[in-house]
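>>> Got a predicted model here, sequence first, then my questions.
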Amino acid sequence: MDFEKLILERQSTRKYSGKEVDKALIIKCLEAARLAPSACNSQPWHFIVTDDKEKIKEIGAAAASLGMNKFASEVPVIVAVVLEKMNFTAKIGSMMKNKDYCMLDLGMAVEHFCLQAAEEGLGTCILGWFDEKKTARILGVPKGKRIPLLITLGHPDCEIRKKIRKPLEEMSSWNGYRTHDAGKPESAH
């Protein structure tokens, strides 16, 4: 798929068909995540793929509260993204520049996973709202390790929605910071 079409089609999917996801497709998504860039090649992530229906129900229940993520217990696959330690160089750089490189790295790996899933005709939804301790217990993640995100994965049972985003001139400017209220941005060269 061409990249422009891919980014238009990738969306947060909350309704999946009951069809199982081929393991080879999941491996392609994991491979895309594995190849994502990271600060100092630190690769501070570990992806746990869960396709066991009972564990999915448990993790789904840990993700559903206050009306959020009710769909999560009915998905074919849930991938937990565990934050691993950065290497020494990335950790020093992160501290010196006061930037959380490991979370930026994790975001890029997760987006690579999701874009590859869309390329394969699969839907994903990135979840940050869930009981992390309960999820860690279900998956046997050692104490002290964090699970910042879950990704639901499956064959979508919904239409591609039109993306509603801020206009380009509101979310970008040229040669300096300008707010949307500051007038028209300079034209691109």
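Arrived safely, thanks for sending.

>>> So which residues of this protein form helices?
Taking DSSP state H as the criterion, the chain carries its helices at 3-9, 23-34, 53-63, 88-97, 101-119, 132-139, 168-171.

>>> looking at those, which is buried most?
Ranked by mean neighbour count under mean count of other C-beta atoms under 10 Å, the helices of the chain are led by helix 101-119, which reaches a mean of 21. Where C-beta positions appear, they are placed from N, C-alpha and C, glycine not excepted.

>>> For this protein, which residues score under the pLDDT cut-off?
Across the chain, residues meeting the criterion (pLDDT under 70) sit at 180-189.

>>> can the helices of the chain go into JSON lines with extra columns for distance to Ile147?
Conversion of the helices of the chain to JSON lines gives the following (distance: least, C-beta to C-beta, whole Å):
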{"stretch": "helix 3-9", "distance to Ile147": "26"}
{"stretch": "helix 23-34", "distance to Ile147": "15"}
{"stretch": "helix 53-63", "distance to Ile147": "10"}
{"stretch": "helix 88-97", "distance to Ile147": "20"}
{"stretch": "helix 101-119", "distance to Ile147": "10"}
{"stretch": "helix 132-139", "distance to Ile147": "5"}
{"stretch": "helix 168-171", "distance to Ile147": "30"}
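
>>> of the ones you listed, which approaches Gly154 most closely?
Each of the helices of the chain was scored for nearness to Gly154 using C-beta to C-beta, and the closest is helix 101-119 (9.2 Å).

>>> pull the longest strand from this protein.
In the chain, taking DSSP state E as the definition, the longest strand is strand 146-154.

>>> buried sites along it?
By neighbour count, with 16 or more other C-beta atoms under 10 Å as the criterion, the buried positions of strand 146-154 are 147-154.

>>> count of residues packed around Gly144?
Neighbour count of Gly144, defined by other C-beta atoms under 10 Å: 6.

>>> before we move on, back to that, by contact count, what packs against the longest strand of the chain?
Contact here means 3 or more C-beta pairs under 8 Å, 6 or more residues apart in numbering; DSSP states H and E; on that basis strand 146-154 packs against strand 77-83, helix 101-119, strand 123-127, helix 132-139.
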